[in-house]
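A.B. asks: coords please:
(one chain, ligands or ions: 1)
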Amino acid sequence: MTRKTSPAVPPAPEAADANAPNRMWGGRFDTSPDAVMEAINASVDFDRRLYAEDIAGSIAHVTMLARQGIVTQEDADAITQGLGRVRAEIEAGEFPFDRALEDIHMNVEARLAALIGPAAGRLHTARSRNDQVATDLRLWLRARLDEADEACRDLQAALIDRAEEHAATVMPGFTHLQTAQPVSFGHHLLAYVEMIGRDRGRIADCRRRLNESPLGAAALAGTSYPIDRAMTAALLGFDRPAANSIDAVSDRDFVIEALAAAGLIAMHLSRFAEELVLWSSAQFGFVTLSDRFSTGSSIMPQKRNPDAAELVRGKSGRITGALVALLTMMKGLALTYSKDMQEDKEPLFDAFDSLALCLAATTGMVRDMTVHADAMARAAGAGHATATELADWLVQEAGLPFREAHAIAGRIVRHAEERGCELATLALADLQAIEPRITQDALALLDPATAIGRRTSEGGTAPGEVAKQVASARRRFLQGPAEAGRTRRMESPIR
Ligand code: ARG
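C.D. replies: Residues are numbered from 1 along each chain as shown. Predicted coordinates:
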């Protein structure tokens, strides 16, 4: 199968003529593209981020071509070494990126030709940019998913630590943003640990489906060369080759799944950010965010603004936007590849950059924030937050049906409101005037700390139960083989 004759070799970028057709595909073209065509077509300004994955994919491909006798070992070695030089040039900031060469794939290949000569033209044997870009993007995203998982884990660790510290700190729990029942602040934080745990499940799920190799699908139909797709898949850490070449080049489900997972994380972070904004206001005063995660006002000297939290909340919009952009971009595309799909990259890159920032900022805020347990306790005692305790006591101790107990507690709340005082500060005689069966025992339950201590049902807010949840969360989310099977950014074997 070894090819003895060299295919036409593109000239080095330095020798390019501005009016000549594209050097990589211009065989049947007479003139160069219009400036607008170049501007709308070129992706190298953003897809250069895929350089490491592109080079790793090319090295795997040419290693396989040599093993299969499709190119000589000599050419494969020259290509592999040349790609190493290209990589070094890019990392040193010395690479001559050229928009006329459209994208990172053709920039790398053209530079390789300039560096090593005719052998470079053999790299693209049995391959297309269609399987190449799908491979690069999967590799890139796989590394981002692993980083996102690690960042989620860091956030969980921070939340669990603070939850343990505040298992017995009483705060008001809300529904409708109205005071509902007292809860443990630690319990509230652990709610986010569960959300992030589900997020990590989605990341793992997405990674599992993503980890198939499109390489060797070629343009769409496979190839007549005797390639070994299992070999390139293994070299790149994929679990297996993608089963169908048509699907392999037209699928961007992995991008959409990753953005959906990212969108859910961003939504969770945004809800927490909204709570931080509320809690750090003078009106709540539940927490103070550290100087490291706050900003001042250029006009109002007293201000201390929760900008990091606001930006976490704000950036969720662009992450969700990326998901919607991809779903919309893909939905009308007939199989297989269409250039529309080049539009997958900027939203994806931006979403994962934003997500990394949001996760890191949230973890920082959680670790640094000062918690004002006194203000939380005061608020927990306000708004008649323990009215449910009274109703429950009437059921449990006086044998009333819950609906009747609810009505009695409601009358007592109204009485407190008329008196302009809190439920918990009413005298026993006041309560007994409304419901004679009420005793001193019931009065004790109106204290928020007592109230949370009684909610010992599984998953409930009693400090002892919260301590159990802390231990369980540590076991479920922070222990175990988190790093197994993970890859960091694709490293070229020849570095
Ligand atoms: N820059 C292109 C992209 O990102 C690479 C694939 C080009 N394929 C093609 N048939 N023109 O989608």
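A.B. asks: rest of the way, CA atoms for contacts and neighbours
C.D. replies: OK.
A.B. asks: most centrally placed residue in the chain?
C.D. replies: residue 262 (3.7 Å; CA atoms, centre = their mean).
A.B. asks: relative to residue 453, how far out is the residue of the stretch 251-400 of the chain found nearest the ligand?
C.D. replies: Closest to the ligand within the stretch 251-400 of the chain is residue 342: 3.6 Å, counting by CA to the nearest ligand atom. As judged by CA to CA, to the nearest Å, residue 342 and residue 453 stand 57 Å apart.
A.B. asks: these two: which is more packed in?
C.D. replies: Higher neighbour count among residue 342 and residue 453: residue 453, with 19 against 16, using other CA atoms under 10 Å.
A.B. asks: is that one within a helix or a strand, and which one?
C.D. replies: helix 448-454 (DSSP states H and E).
A.B. asks: show me what secondary structure element comes after that helix.
C.D. replies: Helices and strands here follow DSSP H and E; after helix 448-454, the next one along the chain is helix 463-473.
A.B. asks: okay, buried residues for that next one please.
C.D. replies: Using 16 or more other CA atoms under 10 Å as the test for burial, helix 463-473 gives 463, 464, 465, 466, 467, 468, 469, 470, 473.
A.B. asks: same question, stretch 408-415
C.D. replies: By neighbour count with 16+ other CA under 10 Å, stretch 408-415 contains the buried residues 408, 409, 410, 412, 413, 415.
A.B. asks: mind putting those into TSV with pLDDT?
C.D. replies: Below are the buried residues of stretch 408-415 laid out as TSV (pLDDT from 0 to 100):
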residue	pLDDT
408	91
409	91
410	92
412	90
413	91
415	91
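A.B. asks: any chance of those in CSV, with distance to the ligand and secondary structure too?
C.D. replies: Putting these into CSV (distance: CA to the nearest ligand atom, whole Å; DSSP: H, G, I helix; E, B strand; the rest coil) gives the following:
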residue, distance to the ligand, secondary structure
408, 68, helix
409, 65, helix
410, 64, helix
412, 68, helix
413, 64, helix
415, 69, helix
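A.B. asks: I'd like to check which residues are in contact with the residue lying closest to residue 383 once chain neighbours are set aside.
C.D. replies: Excluding its sequence neighbours, the residue lying closest to residue 383 (CA to CA, 6 or more residues apart in numbering) is residue 179, at 6.1 Å. Applying CA atoms under 8 Å, 6 or more residues apart in numbering to residue 179 gives the contacts 172, 173, 380, 383, 385.
A.B. asks: and residue 213, what are its phi and psi?
C.D. replies: Torsion angles at residue 213 (phi, psi; degrees, to the nearest 10) stand at phi -90, psi 120.
A.B. asks: and it, bridged to which residues?
C.D. replies: Residue 213 forms beta bridges with residue 241, as assigned by DSSP bridges.
A.B. asks: so where's the stretch 151-300 of the chain shaky on pLDDT?
C.D. replies: Within the stretch 151-300 of the chain, no range satisfies pLDDT under 70.
A.B. asks: for this structure, longest helix please?
C.D. replies: helix 129-165 (DSSP state H).
A.B. asks: those residues of the stretch 101-250 of the chain touching the ligand, which are they?
C.D. replies: 103, 129, 130, 133 (CA under 6 Å from any ligand atom).
A.B. asks: 8 Å - rerun?
C.D. replies: Proximity of the stretch 101-250 of the chain to the ligand, by CA under 8 Å from any ligand atom, involves residues 102, 103, 104, 105, 128, 129, 130, 132, 133, 219.
A.B. asks: dump the residues you listed into CSV; add neighbour count and distance to residue 301 as well.
C.D. replies: Shown next, in CSV, are these (neighbours: other CA atoms under 10 Å; distance: CA to CA, whole Å):
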residue, neighbour count, distance to residue 301
102, 21, 51
103, 23, 49
104, 25, 49
105, 21, 52
128, 18, 60
129, 17, 56
130, 22, 56
132, 25, 55
133, 23, 52
219, 22, 62
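A.B. asks: and of the residues you listed, the nearest to residue 184?
C.D. replies: Comparing these against residue 184 with CA to CA picks out residue 133 as the nearest, at 49.8 Å.
A.B. asks: shaky segments in the stretch 301-450 of the chain?
C.D. replies: Along the stretch 301-450 of the chain, segments meeting pLDDT under 70 are nowhere present.
A.B. asks: one step back: among the contacts of residue 179, which are in helices?
C.D. replies: residue 380.
A.B. asks: highest neighbour count among the contacts of residue 179?
C.D. replies: In these, the most neighbours by other CA under 10 Å go to residue 385, 27 neighbours.
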